[in-house]
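*Asks:* Sequence first, predicted model second:
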Amino acid sequence: MTLRAEMKLSRGSFSLSVALDVPEGTVLAVLGPNGSGKSTLLGCLAGLLVPDDGVVTLGERTLTRSPRLQVQPHDRGVGLLAQDALLFPHLSVVDNVAFAPRSRGASRAESRAVARRWLSEVDAAGLADRRPAQLSGGQAQRVAIARALAGEPDLLLLDEPLAALDVDAAPAIRGLLRRVLRSPGNRRATVLVTHDPLDALALADHVVVLDGGRVVERGATGEVLSAPRTPFTARIAGLNLVAGTAEEQGLRLAGGGLISGIPSPDVVAGEPAVAVFAPGSVAVYPASELPEGSPRNTVAAVVGALEPHGPVVRLRTVDGDGWAEGLSADLTPAAVAELALEPGTPIRLAVKATAVTIQPAFGK
Amino acid sequence: MTLRAEMKLSRGSFSLSVALDVPEGTVLAVLGPNGSGKSTLLGCLAGLLVPDDGVVTLGERTLTRSPRLQVQPHDRGVGLLAQDALLFPHLSVVDNVAFAPRSRGASRAESRAVARRWLSEVDAAGLADRRPAQLSGGQAQRVAIARALAGEPDLLLLDEPLAALDVDAAPAIRGLLRRVLRSPGNRRATVLVTHDPLDALALADHVVVLDGGRVVERGATGEVLSAPRTPFTARIAGLNLVAGTAEEQGLRLAGGGLISGIPSPDVVAGEPAVAVFAPGSVAVYPASELPEGSPRNTVAAVVGALEPHGPVVRLRTVDGDGWAEGLSADLTPAAVAELALEPGTPIRLAVKATAVTIQPAFGK
Amino acid sequence: MLWIPAGLALALVVLPVVGLLARTDYARLPELLTSGASLNALRLSLVTAVLSTVLCVLLGVPLAVVLARSRSRGVRVLRAVVLLPLVLPPVVGGLALLFLLGRNGFLGYLLDVTAGVRIPFTTTAVVIAQTFVAMPFLVVSLEGALRGAGDRYERVAATLGARPWTVFRRVTVPLLLPALGSGAVLSFARALGEFGATITFAGSLEGVTRTLPLEVYNQAEADVDSAVALALLLIVVAVVVIAVARPRALEGRP
Amino acid sequence: MLWIPAGLALALVVLPVVGLLARTDYARLPELLTSGASLNALRLSLVTAVLSTVLCVLLGVPLAVVLARSRSRGVRVLRAVVLLPLVLPPVVGGLALLFLLGRNGFLGYLLDVTAGVRIPFTTTAVVIAQTFVAMPFLVVSLEGALRGAGDRYERVAATLGARPWTVFRRVTVPLLLPALGSGAVLSFARALGEFGATITFAGSLEGVTRTLPLEVYNQAEADVDSAVALALLLIVVAVVVIAVARPRALEGRP
Amino acid sequence: GTSAGDGTTTLNVFAAASLTEAFGALEKQFEAQHEGVDVRLNLAGSSQLASQINEGAPADVFASANEKNMDKVMDAGGVEGRPQTFATNQLTIAVAPGNPKGVEGFADLAREDLTVVVCAAQVPCGAATEEVERATGVTLAPASEEQDVKAVLNKVRLGEADAGLVYVTDVTSAGDKVDSVDFPESERAINEYPIAALSSAGEPELARQFRDLVLGEVGRKELTRVGFGAP
Ligand SMILES: Nc1ncnc2c1ncn2[C@@H]1O[C@H](COP(=O)(O)OP(=O)(O)OP(=O)(O)O)[C@@H](O)[C@H]1O
Ligand SMILES: Nc1ncnc2c1ncn2[C@@H]1O[C@H](COP(=O)(O)OP(=O)(O)OP(=O)(O)O)[C@@H](O)[C@H]1O
Ligand SMILES: [Mg+2]
Ligand SMILES: [Mg+2]
C-alpha cells in the first residue's frame, strides 16, 4: 500500500510541516536531530495526533483529510513501535505479542502461535511467559518489536527500533527487519526513524532528513548518505557507496572490476549489492606509487575538489578507473600539503578490504 | 568515596553475583549483553533492590549488610539515571532537575538556579518551563541526565546515559560527563552502564563485563578494550590503543615518535592521551616497501600471531619501532596469503591519521 | 511522619467500633443469629447487595471510562450530574425513585399498563434503590483512578488495531483492577448499608424487602442493645465478604 | 459499545432526579430559602461538610498511602477495618461514637474529667460524625488509585535523595490529585448527606447540630413536598460546590 | 440548660419527631413568656432520644411518643418526678382524596385488591395496629411494614398504597392531600405521649415550667389543633 502524506501540525512553539511518499513495499528512513519532529510525524501517521491541516492516504483509503476526516488509529491498519516500549504490564510477554493478531480477529491459540513465532524471530522465545516487569531494557525492546510486527500491518511505523539493543542483538534484529521488510511479497509501506545511518543503509529505500519540523533533505538512501547536502547529514553519514553485484569475497563491478570487502551476513552472491566504506579509511598515494601491501583495493583517480571538513580535508575524486568516480577521502592538512594535492592531480586510492562492508542493495 | 560491593541476588531464574570496587574519584564502566544484569546491579547499589546476601560500603559507611542492614535509597547519597527517563510528569523540566538539590535542603530559588545551570550544560536551557510530556525522547533523556547530576551525589549510577541522543548531542553529553566525572576535585565514585566501548574509553578508568549475572572480565579500560578475553568484549571492542602525550596534531610517544590523528575536542596538548584506532584500519606492507602516501603513520613491526576472527584474520604484532608492539590489524585471508605472512615475518604498518582519534588518558 | 496522621485516621475509624464491641451484649448474639427474622434479613441483604454491586460494575465501569476519556465540554456537566445521588438524602432518593417507577410515576405507569409489572414493594425495588445510591461511588472513584493513570496503554492498543471495545476489555479494565476492586467494595458497602432509599421506595416486608439495616432499625425501636448486636453481624458479614471473597486479582500487581 | 451501558447507568442516576425535579413544588422554594431555619441549616451543613472533608483529606491521604504501600501482612486486616464505618448503619455508627465520646463513654469521660470538654450535641460532634462516615470513602478510593498507579516515580524520587515525607508531599500527592479530587468529592458528598450518625451522636439542635438533611427530615414530618424542595437546595449546593469550586488542578493533566 | 455568656439561658427540649409542629409553636410562646430564654428543640425518634439522654445528653425536658422509651429513661434514673401523659393519638385509615377504592372500615383492609401499608410491630403505630387486628380478628397482608408512620402516610399520598394505618395527627397535618376513614376499633389502641422534666436538667425550674406549659391550657390548645387527643 502506498502511503502519501502531506500535513502540518503545531505543538506549542514547534511546528511540523512535511510531505512524503512511501511507495508500496518500500521503506522510508527518517533521520534528524533530537526534537526535529520524527516521533511527531509517526504519531500523525498512526492517527494518535490530529494534523491541523493535511491529507494522508494509504493505498486507496484516505486516513486523514483535515479537518473533516480522521480515521481512528485502530482502523488504519498501522503498527507503531513507539520510542518507549510500553508493553502492557498486565499481560505476559506472549500475550503482549499476540495482542495485535487477537485484535484483528484471530483465535487465542492462533494468535499465541503467531506470537511465539515472532518471539523466536527476535530471540525472545524463552521470555514468553514472563511479565514485562521482569524484563531487562533490551529484552523489552525486542518484545516490543515482535509486538509491532506480529500485527502484519499495512503501514509499519518504527521509532528507533534498535535502541537499547546490545552489539549482538542489534545486527540480528536489523537482519530480521530486513527479511521482513524486504521479503518479495511484502506490500506494506514502512517508515523507520533512526539515528544510525547504517540502519537506513541496511533497511531503507529512501531517506528524509528532518530538522525543526521540516524536510531538509530527501532522496534515495545511497544518494543522501553518500552525498549529504546538510551539515547534520554529513555528520552522521558521508559514506562512500559503490554499486555492483555481490560475490563471495566482495563486489563485482559492472565494468568487471572487484572490490574486496567483508560481506554482511545477509548478502547473497549474485544479487545486487553495494560496497560501503568511510572516507577516513581511504588512503591516497601519488599516481606513480604502487604500494603492494594488504590494502586489496587500489584504483587510479583524479582529485576533484578539496574542502576543509572540521579538522580534516575532504577530497572528492573525479573520473578514474570505473569505481573511483566521486569517492571521498579524508586526509589531514599535512598529508594534503606533503602530497601537493590540488584539483586535477592524478592519484591512486587504496582501501583495505576489512574497512569495506558489502551490503545488499535495493534495486530500483 | 570509595565504593566496595559484593552481592548476590536472585530474580526468578536469573541470579546476579558480583564483587566490585570503585575507588574514590574514578569511573567504572559496566558492559554486557542485554539481560546480563547491569540494571539489576545498579538497582542493588541504589538501594531499590535488596541483595539476598552481600555487603556494600561507600566510603566509611555501610549501605547494605544482608540480611540486617539496608540503608534506604534516599539516605545513600546516590544519584541514579535509570534506563527509562521517568521524569516527574507533574513538574516542569526545571523543577524536575531542581528536585534533588531541593530534597537535599536547598531553597527553591537556589535549587532552581542549580537546575538551570545543569540544564544549560546539557543544552536544554530552552526547555526549562515545559512539562515532560512536551519533550521528545532525546530531550527527555538530556533532562534526566541533568536531574541525576544536579544532586551532586557521592555515588553516581548511570544506566545508558547516551541512549536516544543524536549524533551531535551524544558527543556533547559525553564531553559533559567527562568534565563532571573527571574534574580534579571530584571525589565521587561513578558506575556507568553502556553498550558503547567509546563511552567506556572516554569516561571510565576500569571496566567490568557482565554476562549472565557474573563478571567475566575486568581491568583497566585500555587493557580490557585493547585485549579482550571474551568473545563478547572482542565484538564490541578490540581496539588499538597507544599511550603518550597529546600534541596539536597527534600523540607524542615516550620514545619521541609522533602518531598523527584527529584530537577529540577535550584533549589538551601536553596532557597524557591515547591514540585509538580500529584493527580494520591498519594496513600491512612488506617491510621493504615504503609507500609514500597519505597514511601519516607508518611503523616497522614483526608478525606475532595470526588468528581467524570471523571472516577476517587478526594479526598481532610483536616488537618493532616503539609503538608497533602488540597492535592488531585485520586482514582478509587473501591478503595474508599474498603477503605470505607468518609469525616472524617483518612487516610495515600504515595507519591513516584520519582513522586515529586522540583521547585524553586517565593517569593513575 | 506519615504514621501520625495515618494513625489518627485509623483511630477515628477503629475506636468507635471498639467502643461498640465493648458495649455489645454478646449473650444475645446466638439468639439473634438463630431468629428467623435476622436470618431472612441477612440473606436478603447479601443477595441484593451482591446483585446491585454487579449492576454497578456492569453499568458504572463504562460510564466512568466514558466520563474520564471524553474530551467534550458537556462531560463536565455530566460528571456533576452523576454525583447527585451522592448528596441526595437517601429518603429523598427513595422518593425520586417512586416519582419515576411508582404506580403514578412516569416509567412505573408505563410498565404497569404495558407489562403489568409493578416495582415498588418487591425485591427488585431493593436492588434498584441500592444500585441508585451505590453507583456514584463506583463511578467517581474509578474516574479519579482513570485520570490519574492516563491513557498511554490505550493508545498503544489502538495502534495495534484494537477497537474501542477490545481496548476497554483487554487493556482499560485489567489495568483498572485495583481501583475497580476499591470501587466495588465501596459500592458493595454502600448497598449493604443502604436504608433510607430502600424503605421509601421498596418498603419493609420480612423476606421480601426488609434488609439487615432495616431490621436493625426495627430492633433499635424495640431495644438498642439487640440492634447493636445485629449491626455487629452486619459488620462481620461485610468484612468477611470484602476481605475474604475479594479476588486476589483486585489487589493489584505485587 | 461502551455507550450502551454508560447510557443505562446515566439514566439510572439521572432519571429519578429528573422525576424529582418534575414533581417539585417550585412555588415553595423562595419561602424556604428565606426561612431562618433552612438558611441556618444550609450554613451549618456547608461549614461542617467542608471541615470534615478537610479532616478526611489531612488524615485519610496518609492512611491510604500507608495502606497501599506497606507490604506487611497485617495491612490486609487493617484495610478491612477501615471499611467498617462504610457498612455500619449510620445510626449504629452514631451510637458507637456516643459510646466512645459520650459522657459515659471511655474517651468522653476522660475528656470531661480532665479538660471539661463535652463533645456530643456540639458542632464538633457533627464534624466528627461526618468525618467518621466519610473517611472510608476517601481512603478506599485513594488506595485503589494508588495501587493502580504503582510506585515507580516514588522510587525515582528516593534515588534523588528525597526522604519519605518529601516523596509524599512532592510526588505521591501531586500524582494522586485526580484521584484525590474524586475522593474528596465523595467524602464531601457523604458528609453533606450524612443523617443517621449525626442525629444520634450530635442531636438535632437548630443552628448547632441541625444540618440540612436533619432539617429535611424535620420538614418531612410536616410536609413531604417542602422536604423535597429543601433536598433540591441541598443538591444545588452540592453541585455548585463540587462542579465550580473543585480546583482545576484536580481535573488531572489535560 | 446552660447559661451562655450573653445572659441568655438555653433550655434543651428533646421531643419526638411527631411533635415538631406543636412544639414549634409552644417554643415560641415559651420564649415570649420568658425573657432571655432560648428553647432548643432536639427532634428525633423517641428511641434515639432515649439513647441520647441515657448517654448523658444535656437534656432538660423529654417528650416521648410512647411510654416504652420514657420508661427506658426512667429506668436509668433520668426522670425527675413522674412522667405525665400530655396527649393521646389514635389510628385512622389514610386513603387517597375522595376515597376512590371505597374503603369503609378496618375489615375492608383485608381486601385482595387493596395495597395496604402499616407500621412495623416494633414502632408504636405498628403495635397499635397489631392490637386492633387482635381485637377485630381481621388479619392484614400488608405490602410493607414501615419504620415510621410518616412513611406509611407518604406511600398513600404518593398513590403507591391504596390505604394505610396512620395516626389522626398525621392526616390532619397532611391537609387535603389524603382523606381518612375512621373506624371504631381504634379506641382499643390509644397511644399515650408522656412528658417529664429530667434530673440532669441544668435549669430544673425552667424545665418544670416548660412541662407545665405543655400540660396546661396553652399546650392543650396547640396539641388539639394538630389533631392530638386529650389524655
Ligand atoms: N505535547 C507537546 N507540546 C509541545 N511541544 C511538544 C509536545 N510534544 C513534543 N513537542 C516538541 O515537538 C518537537 C518534536 O518532538 P518529537 O518527539 O517529534 O521529536 P523527535 O524527532 O522524535 O526527537 P527524538 O529524537 O529526541 O525522539 C520537540 O521539540 C518537542 O519538544
Ligand atoms: N523482576 C524480575 N523478575 C525476574 N527476572 C527479572 C526481573 N527483572 C529482571 N529480570 C531478569 O534479570 C536479568 C537482568 O536484567 P537487567 O535489567 O539487570 O539486565 P541489563 O543488563 O540491564 O539488560 P539491558 O541491557 O537489556 O538493559 C534479565 O534476564 C531479566 O530478564
Ligand atoms: Mg522521538
Ligand atoms: Mg538494563
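*Replies:* Right, received. Where do you want to start? Ligands and ions are numbered 1, 2, ... in the order given.

*Asks:* Just the helices from the chain, written as ranges.
*Replies:* You didn't say which chain, so I picked chain A. In chain A, the helices defined using DSSP state H lie at A:38-46, A:93-103, A:108-121, A:137-150, A:169-181, A:197-203, A:221-226, A:231-236, A:333-338.

*Asks:* Wait, chain E was what I had in mind.
*Replies:* E:20-33, E:46-54, E:67-75, E:124-136, E:149-157, E:168-174, E:204-215, E:217-225.

*Asks:* Who are the contact partners of C:Pro62?
*Replies:* C:168, D:2-6, D:9 (CB atoms under 8 Å, 6 or more residues apart in numbering or on different chains). To be clear about C-beta, it is placed using only N, CA and C from the backbone, and glycine gets the same treatment.

*Asks:* These in helices, which ones?
*Replies:* Per DSSP H, the contacts of C:Pro62 map to helices at D:3-6, D:9.

*Asks:* Mind putting these into JSON lines with distance to ligand 3, pLDDT and neighbour count?
*Replies:* Putting the ones in helices among the contacts of C:Pro62 into JSON lines (distance: CB to the ion, whole Å; pLDDT from 0 to 100; neighbours: other CB atoms under 10 Å in any protein chain shown) gives the following:
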{"residue": "D:Trp3", "distance to ligand 3": "35", "pLDDT": "79", "neighbour count": "12"}
{"residue": "D:Ile4", "distance to ligand 3": "38", "pLDDT": "86", "neighbour count": "10"}
{"residue": "D:Pro5", "distance to ligand 3": "38", "pLDDT": "85", "neighbour count": "19"}
{"residue": "D:Ala6", "distance to ligand 3": "35", "pLDDT": "86", "neighbour count": "22"}
{"residue": "D:Ala9", "distance to ligand 3": "39", "pLDDT": "87", "neighbour count": "27"}
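
*Asks:* among the helices of chain A, which is nearest A:His309?
*Replies:* Checking the helices of chain A against A:His309 by CB to CB gives helix A:231-236 as the closest, at 7.8 Å.

*Asks:* Same question for that closest one: list its buried residues.
*Replies:* A:232-233, A:235-236 (16 or more other CB atoms under 10 Å in any protein chain shown).

*Asks:* is any part of that helix close to chain B?
*Replies:* Yes. Using CB under 8 Å from any CB of the partner chain, helix A:231-236 reaches chain B at A:232, A:235-236.

*Asks:* what's the answer for stretch A:275-291, then?
*Replies:* Yes. Using CB under 8 Å from any CB, stretch A:275-291 reaches chain B at A:279-286, A:289, A:291.

*Asks:* any idea which of those is the one closest to B:Leu339?
*Replies:* For those, the nearest to B:Leu339 is A:Pro291 (11.6 Å; CB to CB).

*Asks:* Which pLDDT value goes with the residue lying closest to C:Leu212 once chain neighbours are set aside?
*Replies:* Leaving aside its sequence neighbours, C:Leu212 sits nearest to C:Ser45 (CB to CB, 6 or more residues apart in numbering or on different chains; 4.0 Å). On pLDDT, C:Ser45 comes in at 91.

*Asks:* So which bits of the helix or strand C:Ser45 falls within are buried?
*Replies:* Counting by DSSP states H and E, the element that carries C:Ser45 is helix C:36-69. Within helix C:36-69, the residues scored as buried using 16+ other CB under 10 Å are C:38, C:40-42, C:44-46, C:48-53, C:55-57, C:59-69.

*Asks:* Likewise for stretch C:19-34?
*Replies:* Buried residues in stretch C:19-34 (16+ other CB under 10 Å): C:19-20, C:23-24, C:29, C:32.

*Asks:* Just give me the residue closest to the centre of chain C.
*Replies:* Nearest residue to the geometric centre of chain C (CA atoms, centre = their mean): C:Ser187, 2.7 Å.

*Asks:* could you point out where the chain is predicted with low confidence?
*Replies:* Picking chain A for this. A:289-291, A:320-321, A:362-364 (pLDDT under 70).

*Asks:* Hmm, no, I was thinking of chain C.
*Replies:* For chain C, the ranges with pLDDT under 70 are C:1, C:242-254.

*Asks:* so C:Val13, which of the three states?
*Replies:* The three-state assignment at C:Val13 reads helix, by DSSP: H, G, I helix; E, B strand; the rest coil.

*Asks:* That one and D:Met135 touch, don't they?
*Replies:* Yes. With contact defined as CB atoms under 8 Å, C:Val13 counts as touching D:Met135 (5.9 Å).

*Asks:* Quick check: neighbours shared by these two?
*Replies:* D:82, D:85.

*Asks:* Would you tell me what the next helix or strand after the helix holding C:Ser45 is?
*Replies:* Criterion used, DSSP H and E; the element after helix C:36-69 is helix C:74-82.

*Asks:* Quick check: which element contains the closest residue to C:Gln219 other than its chain neighbours?
*Replies:* Closest residue to C:Gln219 apart from its sequence neighbours, by CB to CB, 6+ apart: C:Ala227 at 4.1 Å. In the assignment (DSSP H and E), C:Ala227 maps to helix C:224-239.

*Asks:* Does anything pack onto that helix? Which helices or strands?
*Replies:* Using 3 or more CB pairs under 8 Å, 6 or more residues apart in numbering or on different chains; DSSP states H and E as the contact test, the elements touching helix C:224-239 are helix C:3-23, helix C:29-34, helix C:36-69, helix C:173-193, helix C:212-222, helix D:84-87, helix D:90-101.
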